[in-house]
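In: Task: produce atomic coordinates for the following.
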Amino acid sequence: MDILGEIREVDAVACLFRVAEKSVSEDAPAYWLCQKVISSLGEIGTPEAYECIREMTAQSWPDIVRWHAAVEVGIEDELGFDESHMLR
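Out: Take a look at the predicted model:
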């Protein structure tokens, strides 16, 4: 997964997002796979990739995933996340 971000494989954006969507319930409690997806999408950096990351800030996602996604797109303060609370 990391390599897709490193090589900025734009054709992998939708696939990466689907991986996160389908695995989020099994990825608890640390959501490592979702974090990898967010990181890879951020490295790809296309508007589509950032839109997927923004979707992961929605209330339907677990807070830790939402926070990592918000940090990646720089909107964590906007969403009212307290970093010290999220890093516990």
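In: To which secondary structure element is the one residue sitting closest to the centre of the chain assigned?
Out: When CA atoms, centre = their mean is applied to the chain, the residue found nearest the centroid is I38 (2.9 Å). Element membership for I38 (DSSP states H and E) is helix 32-44.
In: what's the following helix or strand after that helix?
Out: Assigned by DSSP H and E, the successor of helix 32-44 is helix 47-55.
In: how big is the angle separating that next one from helix 32-44?
Out: In terms of direction (axes from the mean of the first three to the mean of the last three CA atoms, to 10 degrees), helix 47-55 departs from helix 32-44 by 140 degrees.
In: How far does helix 47-55 sit from its chain's centre?
Out: Put simply, helix 47-55 sits 9 Å off its chain's centre (CA atoms, centre = their mean, to the nearest Å).
In: And the next helix-or-strand element following that helix, what's buried?
Out: Sequence order places helix 63-73 as the next helix or strand after helix 47-55, per DSSP H and E. Under the neighbour-count criterion of 16 or more other CB atoms under 10 Å, helix 63-73 has I64, V65, R66, W67, H68, A69, A70, V71, E72, V73 buried. All C-beta spots, glycine's among them, are computed from the backbone N, C-alpha and C.
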